[in-house]
Structure formats: C-alpha cells, structure tokens
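K.L.:
sequence below, structure please.
(2 chains)
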Number of protein chains: 2
Amino acid sequence: MEIAEIGEFGLIRHLTENIELKNPETKRGAGDDCAVMAFEPGRQVLVTTDLLMEGVHFDLQYMPLKHLGYKSAMVNLSDIYAMNGRPRQMTVSLALSKRFAVEDLETFYEGLRLACDAHGCDIVGGDTSASLTGLAISITCIGDARPEDVVYRDGAKDTDLICVTGDLGAAYMGLQLLEREKTIYNSQVKSDSAKSEKQNAELDFQPDFAGKEYLLERQLKPEARKDIIEALAQAGIRPTAMIDISDGLSSELFHICTQSHAGCRIYEERIPLDYQTAVMAEELNMNVVTCALNGGEDYELLFTVPLTEHDRVAAIPGVKVIGHMTKPELGLQLVCRDGVEMQLKAQGWRAI
Amino acid sequence: MEIAEIGEFGLIRHLTENIELKNPETKRGAGDDCAVMAFEPGRQVLVTTDLLMEGVHFDLQYMPLKHLGYKSAMVNLSDIYAMNGRPRQMTVSLALSKRFAVEDLETFYEGLRLACDAHGCDIVGGDTSASLTGLAISITCIGDARPEDVVYRDGAKDTDLICVTGDLGAAYMGLQLLEREKTIYNSQVKSDSAKSEKQNAELDFQPDFAGKEYLLERQLKPEARKDIIEALAQAGIRPTAMIDISDGLSSELFHICTQSHAGCRIYEERIPLDYQTAVMAEELNMNVVTCALNGGEDYELLFTVPLTEHDRVAAIPGVKVIGHMTKPELGLQLVCRDGVEMQLKAQGWRAI
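P.N.:
Below you'll find the predicted structure:
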C-alpha cells in the first residue's frame, strides 16, 4: 500500500494505534503534542537521542528493515544503560523517500517493538514526514534512575579497574563482511548489464557467510546490555564511570579519561575477542586488535570500578577486567603482548 | 573552518561548551551518554520531537541559518506550550552534508540559543553526523507541568468556546512570497547563463518585500505563545483542550474534534487575519480564508474553554473566540459570511 493512500496522519495512527503502554510512568503516548510521563518520586530523568541517516549509518542493500528498526532502538537503549538507568519511553521520527510502502514501515516498527518490548520501553510518540532523498531515523529514548545510581563518564579514579562486557570488533568485522559480499554482488549484476532488472533480481547469488553468523548478528542485531546492569545491581556494584562502546574502545576510553582527568593502561591480551572476529580479520589481512579498539558499534559497556571490587566484578559472567586507570600524566597506554607500550589514539569510527 | 579540521567530537564540544545551564532541574547537559534531569516533586514530564529535512521543511536558498536554528527550536517549544507546560530542556542532532563549515553551525546555534534563552530552555545534548545529501535537524524538547495543569486534545465538551491566538495564514503567505521571489531570482540567473558564478552572486537582484515584512517574519521567525500560556494561568483559566497550529486551523480542529468526540462550528468572520495576509492573498488570487484554514506554520494556539469563561478569555489580548464545540453528529462546520455552512476538511499543510 502506498503511503499517500492513508496519508501522514493515517500512517502514524496505523503504526502506533495498537501499541500497548506498559509502564505505569507513561501517562500519554502518541497522539498529542507531547508524550506525558510521571516518574516515581525522587527519580532522575535520562534523555538520549540519535539521528541515523541512510548511506551514512546504514545501507538498506543489506540491512533488512526489521533489523534496522531493532538496531535503531538498541543504540538508544544502550545509552540509557550506560548511565546505569532503566529505559522507559521512546519517540520515533521517520523521514521517508517515496520508495517506501506502508508495509515497509510496518516491518521497521516490528523490529522497533521487538527491541522495546524486550527492554520494557514504551513507544510514546511517532512522526513521519517526507525526505527528498534517503531514509532518516530520529529516536529519543527516556529513562530513569535513582539519583544515587546514575553513573557519569567523569567519576573514574586512578587505580580503578577498567572493565568491558562481551567481546569487541565483531560488529565491525560483520560490516566488512557485508560490504565485501555487496561488492561481489554488485559486480556480478554489472558484469552482465544486458540482463533485465528482473533477471538481476533473480540472480543466483549466494553471499558467503558460512561460519561467520556471529559477525552478522553483531552488526545487524546488537543487544543492549540490560543483563549487565541488572547483574551489577544485584552484586551491589556501582561503577565509578561508564559509557557504551559505539565508536570503539579507544574512543570511549578517551572520553572517560578526559572527563575523569585520568590516564589508563589496558592490556592487549585481555581485550575480549571472538574466534570469528579473529578469523575474519586474518582473512582481510587486518590487525584484530585494531578492529577491537577502533571498530565500533559493539554496544557493549565500558566501566570502571574501585580496585577493591576486583573479585566481585570478575565473577560476573560476560565482564572482563582489561586494565586500570592511572594518573593523567601517564596518558592512555596499551600494553602489547610483547610488553611494548603504545599510546592509544581516539580515532573513533568514521561512518563518514 | 572546515568541520573535518576539528572533527565530530571537536565540533560538538565547540558548539556546546559555553552553554550555560540555567534550570535547576538540569543536572547534566551535553557530554555524556544521556542528559540528566531532576524535576520538582509531582511534576509530569512532557516530551516532543521533530525531524526537519532540507528541501521538505526548509529551503536554505531563502532561509538564513540563524533563522532556521531559531525556528527549529520554536516549533518544539510550541508543542510544550500546547500541553500547557513549561519548556525546560532541548537536545539537538544535526546531519550535515559536506558544504557546511564550522561557522555555519555556529550561526545555526546562535538562532537556536536565542530561542532557548527567551523561553528558559537549556540545550542539554548535541550530536552531529554526516549526511550524504541535505541537512537534517532533529530536536527533542522536554518540559514539565503540574499534572492538574496538563491540557490534552481530548478534553473539549460540546458548547465549549473555541479560541485562537494571534492571526492565521501569514506564515503561509510569507512562504508564497519567498517562493515567488526565488523563482524570479532563479530565472534571472538562468537567463544569463553566460555569466560566471561570481557575477551571478553579485547580480543586482532586489526581492520585492516592501509592505510585506510581517509575512516574512511569520515565516522565518515564528514565536511560540509563552505569553498566552502565562496570561491564561494568571487569569486562572485552564483550557479543556489545546493544540498548536502547525498544519493549519482545519487540521487542528479536526484533531480536537476527533479526540474529544465532538463537532465544531466556527465563523468565517471571526477568523483573525492580518491586513498583509489579505493583501498578499489578493495579489496571488487566493482565498484568504482558505490560507488561514489550511496554510499552517502559524504556531499559534487553538484551545477550548467552558462557555462560562467567555468574558474572561475574550479579555486576554491576542485571544479571539471563533466559534464553539457541538455534538459530534453535527461535524465540523464553517459558517461563511453569507450564512452558508460548509463542512471543514482536514487537509493539513503538505510540505511534501
């Protein structure tokens, strides 16, 4: 069905009408000038927002719309967890070019709702408008936390332990894999330009993803670490600083060190890597540690805890201690396997 | 200065570093994963978001970046007032194509800050990324209100009076005026294509805006009606339903009637129009009432009050009673000057 058939107001109503509001804090969802919330007494309110642009942040040639909806929600949920908060509400604005049908938006919303349902987050506002070119997705996520629980980037003390969750670099390797297969596919399509579009669509192209499913999953379906926030709370551990890894470990360490006025020392051998990440890096002739440091899109958590918490934090499944904070004058150091120390650079991940 | 010279993190820091946080409710602004707020006990939190796309919502050929920043903020502030709330915080995400320089962003932020300062709103988060094509602006505004003060669209009762603020249709006429002068300018540039770009830039083109300054102002520099919200509070009047006029009076009446399960009857002769709006409509051979009903971008308030409030609401400067609510089966009626009744259609304003 074409969007013009039901119109802008019709589309919004269609996408949001059967959304159930589950949080008692959500007083009014989509359908008014604002969403309205009433938080429990004494709670602080957390707000994060992300603007995702087609061709820069995602490529619809290999990113299914359902996954895109899921991932768009996850990157915002991850920011709430990175403050040690609970996500509560989300608003979603889409700017659409003419090529999208109502069914496409339904698919996008399916992914979005799957992510929100898993994290107890209400979708409280929607907006769609036209875009002359690509798809633009703007999501704002609202969360809450007790004031004493909120964790900023600036609380790390020297001697604090540096911890990361999960493993790093896999999402970046997944991206490389998808880009490689896209290039091969496009070259096959081009090489026989005499074929009709229909024939091209039926091209018997089998992308080679065997044994690399984990990399794809990390790129297409990242998971915000609600489980870690819950495990930390259960263990009674409040991190001194925390950030989620969206631009790469180096870049995030740089933020924590700058804002905490501290330095850090991490150990190459302790950086968590998956086997598939290492294999793929080898195939592409890339340094796997560089990928883990600068790849980005891991949506894992990087946090610091007092030295005294070592045993308790190391006992949490999925958490790894990779180094410790230092005095600021020591800078950001990576201790390599051979004992050589290198200065970390905050390259971040350039989507540009 | 090119944005690449200071990088993404540098740009954000540069744009947000000297922003003073003025609300005691704002605990943490830009620079972490989330902004953090602590509202007064018992307050409800209001959230609204808007995604503005170049070529669809604005045209940089005649929209100066400072005005664009100002207007982008205003359209969001207006949504908070439409709930009878006070704006408190704002986050701003920009997706930029390569043609923008750091100075352009500074100009945009100047306008943004001017609007926020005038309305006591803190800028608490910023994000910039690349865009392959045009400029995209995503703004989220957060406000608060006492629960008993929040006004929705669904509270209008039949016999309630319908009020609008200011005058309508001028912003739409301003848009027509700008589009007309743009067409003339572009045809002059084209007609002498032998000229160099530099010569074209120096083209002695004088757009004809004389006597139409008000229309330009309404299009380029709309003002959210904080004054009306304050006047209503001072008079002790709580509207039964309220909405801001962004898509045109007809469309907003349609929202109020649908959500309040009511009909309405408004009087053509009571729709507030400025003299310049009427003159411009005459020049363009358009019906001025149609412009007022369907033009949009007025950012005035449309609200309903109980019949008993007539004298007190009519005494507020800038407020005009234009009709009253009716039973739902009577539909949405416009009573024309000649007494003929016409059914209103919610066309909205198609930016597309």
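
K.L.:
helix or strand with the lowest mean pLDDT in chain A?
P.N.:
helix A:197-201 (a mean of 61; mean pLDDT, DSSP states H and E).

K.L.:
hmm, stretch A:221-235 touching chain B?
P.N.:
No. Judged by Cβ under 8 Å from any Cβ of the partner chain, stretch A:221-235 stays clear of chain B, getting no closer than 11.5 Å. C-beta coordinates here come from the backbone N, C-alpha and C atoms, glycine included.

K.L.:
quick one: buried residues of that stretch?
P.N.:
A:221, A:222, A:223, A:224, A:225, A:226, A:228, A:229, A:231, A:232 (16 or more other Cβ atoms under 10 Å in any protein chain shown).

K.L.:
check which residues of stretch A:253-261 are buried.
P.N.:
Neighbour counts over stretch A:253-261 (16+ other Cβ under 10 Å) mark A:253, A:254, A:255, A:256, A:257, A:258, A:259, A:260 as buried.

K.L.:
ok, back up a step: can you add pLDDT and secondary structure and give the buried residues of stretch A:221-235 back as a markdown table?
P.N.:
A markdown table is the format used below for those (pLDDT from 0 to 100; DSSP: H, G, I helix; E, B strand; the rest coil):
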| residue | pLDDT | secondary structure |
| --- | --- | --- |
| A:221 | 97 | coil |
| A:222 | 97 | coil |
| A:223 | 98 | coil |
| A:224 | 98 | coil |
| A:225 | 98 | coil |
| A:226 | 98 | helix |
| A:228 | 98 | helix |
| A:229 | 98 | helix |
| A:231 | 98 | helix |
| A:232 | 98 | helix |
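
K.L.:
name the nearest residue to residue A:142, ignoring sequence neighbours.
P.N.:
For residue A:142, ignoring the flanking residues on the chain, the nearest one in space by Cβ to Cβ, 6 or more residues apart in numbering or on different chains is residue A:89 at 4.4 Å.

K.L.:
next SSE after whatever helix or strand that neighbour lives in?
P.N.:
Using DSSP states H and E, residue A:89 sits in strand A:86-96. Where DSSP H and E defines the elements, the next helix or strand beyond strand A:86-96 is helix A:102-118.

K.L.:
centre of the chain versus that following helix, how much separation?
P.N.:
Averaging C-alpha positions (Cα atoms, centre = their mean, to the nearest Å) puts helix A:102-118 17 Å from its chain's average.

K.L.:
go ahead and flag the most central residue of chain A.
P.N.:
Nearest to the geometric centre of chain A sits residue A:75, at 3.5 Å (Cα atoms, centre = their mean).

K.L.:
where's that residue, which helix or strand?
P.N.:
In this structure, residue A:75 is located in helix A:65-81 according to DSSP H and E.

K.L.:
same for that helix, what does it pack against?
P.N.:
Applying 3 or more Cβ pairs under 8 Å, 6 or more residues apart in numbering or on different chains; DSSP states H and E, one finds that helix A:65-81 makes contact with strand A:44-53, strand A:86-96, helix A:102-118, strand A:136-145, helix A:226-234, strand A:241-245.

K.L.:
and the helix ranked longest in chain A, what does it pack onto?
P.N.:
Looking across chain A with DSSP state H, the single longest helix is helix A:170-191. If you count contacts as 3+ Cβ pairs under 8 Å, 6+ apart, helix A:170-191 packs onto helix A:213-220, helix A:275-283, helix A:288-294.

K.L.:
what about 10 Å?
P.N.:
On a contact count with 3 or more Cβ pairs under 10 Å, 6 or more residues apart in numbering or on different chains; DSSP states H and E, helix A:170-191 meets helix A:197-201, helix A:213-220, helix A:275-283, helix A:288-294.

K.L.:
for chain B, which of those helices is the nearest?
P.N.:
Evaluated over the helices and strands packed on helix A:170-191, closeness to chain B peaks at helix A:288-294, with 14.1 Å, by Cβ to the nearest Cβ.

K.L.:
give me the buried positions along the closest one.
P.N.:
Across helix A:288-294, burial judged by 16+ other Cβ under 10 Å covers A:288, A:289, A:291, A:292, A:293, A:294.

K.L.:
is chain B within reach of it?
P.N.:
No. Counting by Cβ under 10 Å from any Cβ of the partner chain, chain B is not contacted by helix A:288-294; separation bottoms out at 14.1 Å.

K.L.:
can I see the domain layout of chain A?
P.N.:
Split into domains by automatic domain parsing, chain A comes to A:3-147, A:151-352.

K.L.:
deepest of these, which one?
P.N.:
Among the domains of chain A, domain A:3-147 has the highest mean neighbour count (mean count of other Cβ atoms under 10 Å in any protein chain shown), at a mean of 21.

K.L.:
quick one: secondary structure of residue A:239?
P.N.:
When classified by DSSP: H, G, I helix; E, B strand; the rest coil, residue A:239 comes out as coil.

K.L.:
okay, now the unreliable bits of the stretch 101-250 of chain A?
P.N.:
Scanning the stretch 101-250 of chain A for pLDDT under 70 picks out A:191-203.

K.L.:
what parts of it come near chain B?
P.N.:
So far as Cβ under 10 Å from any Cβ goes, the stretch 101-250 of chain A lies against chain B at A:124-134, A:136-145, A:147, A:150-154, A:241-244, A:246-247.

K.L.:
recalculate using a threshold of 7 Å.
P.N.:
Contact residues (Cβ under 7 Å from any Cβ of the partner chain) of the stretch 101-250 of chain A with chain B: A:125, A:127, A:129-134, A:136, A:138, A:140, A:142, A:147, A:150, A:152-153, A:243-244.

K.L.:
any chance of TSV for the domains of chain A, columns distance to residue B:30?
P.N.:
Putting the domains of chain A into TSV (distance: least, Cβ to Cβ, whole Å) gives the following:
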stretch	distance to residue B:30
domain A:3-147	11
domain A:151-352	12
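
K.L.:
which of the ones you listed sits closest to residue B:317?
P.N.:
Residue B:317 lies closest, by Cβ to Cβ, to one member of those: domain A:3-147, at 23.4 Å.

K.L.:
end to end, how far does the closest one reach?
P.N.:
End-to-end span of domain A:3-147 (Cα to Cα, to the nearest Å): 44 Å.

K.L.:
one more: stretch A:301-321?
P.N.:
For stretch A:301-321, the first-to-last residue distance is 12 Å (Cα to Cα).

K.L.:
same check on stretch A:25-41?
P.N.:
Terminal-residue distance, stretch A:25-41 (Cα to Cα): 11 Å.

K.L.:
and stretch A:283-300, by the same measure?
P.N.:
Start-to-end, stretch A:283-300 (Cα to Cα) is 25 Å.

K.L.:
same question for stretch A:83-102.
P.N.:
One end of stretch A:83-102 sits 36 Å from the other (Cα to Cα).

K.L.:
hmm, residue A:61 is touching residue A:181, no?
P.N.:
No. Using Cβ atoms under 7 Å, residue A:61 is not in contact with residue A:181, being 10.0 Å away.

K.L.:
which residues do these two both contact?
P.N.:
Common neighbours of residue A:61 and residue A:181 are not found (criterion: Cβ atoms under 7 Å, 6 or more residues apart in numbering or on different chains).

K.L.:
surely residue A:304 is within a strand?
P.N.:
Yes. Judged by three-state DSSP, residue A:304 forms part of a strand.

K.L.:
tell me the pLDDT of it.
P.N.:
What the model reports for residue A:304 is a pLDDT of 98.

K.L.:
with the one 3 residues further on instead?
P.N.:
Looking at residue A:307, its pLDDT reads 97.

K.L.:
that one: what's it in contact with?
P.N.:
Contact analysis of residue A:307 by Cβ under 7 Å, 6+ apart lists A:159, A:160, A:161.
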